[in-house]
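**Student:** Provide a 3D model corresponding to the input given below.
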Amino acid sequence: MGTRDHADSNIVIMLVGNKSDLRHLRAVPTDEARAFAEKNNLSFIETSALDSTNVEEAFKNILTEIYRIVSQKQIADRAAHDESPGNNVVDISVPPTTDGQKPNKLQCCQNL
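**Tutor:** Predicted coordinates:
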C-alpha cells in the first residue's frame, strides 16, 4: 500500500465500507472486505450514514487504536530512558556522628 510508504510507521488505517444500509447494491461482500483488511493490516468496519450505523463506532475504534499505539510507545520510551546507566543511582549522605552521641531525632519522632 502506498500510504504506508509515505507515512509514520505507527499510522492507523481503517477500511470503511459505507452505505451498509443498501445491501441490495453491495459491490463487495463483507467477508471479502474483511479478508482484504486483515491481509493488509487494516481495521475494518461497515457503516451507514443514513441510519447512523457504526459511524461513531468507527471514530471510537480508530481513536482507541491510536491511543493504544501512542501509549505503548511512551511506555517503551520511558522504560528505555529509565534503564540507561546512571538513572537508577541516588546519592544519600549521612552526617557522621561522634562516639557516644545520639543522633538527633527527626521532628516527627520527638513525641515517641
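
**Student:** alpha carbons only for contacts and neighbour counts from here, please
**Tutor:** OK.

**Student:** ok, for N10, nearest residue in space, not its chain neighbours?
**Tutor:** Using CA to CA, 6 or more residues apart in numbering and skipping the chain neighbours, the partner closest in space to N10 is I69 (7.0 Å).

**Student:** what mean pLDDT does the host helix or strand of that neighbour have?
**Tutor:** Taking DSSP states H and E as the criterion, I69 maps to helix 55-82. Across helix 55-82, the average pLDDT comes to 87.

**Student:** which helices and strands sit right next to that helix?
**Tutor:** For helix 55-82, the packing partners by 3 or more CA pairs under 8 Å, 6 or more residues apart in numbering; DSSP states H and E come out as none at all, with no helix or strand in contact.

**Student:** ok, how many other residues are close to E46?
**Tutor:** Here the count is done by other CA atoms under 10 Å, and E46 has 19 residues near it.
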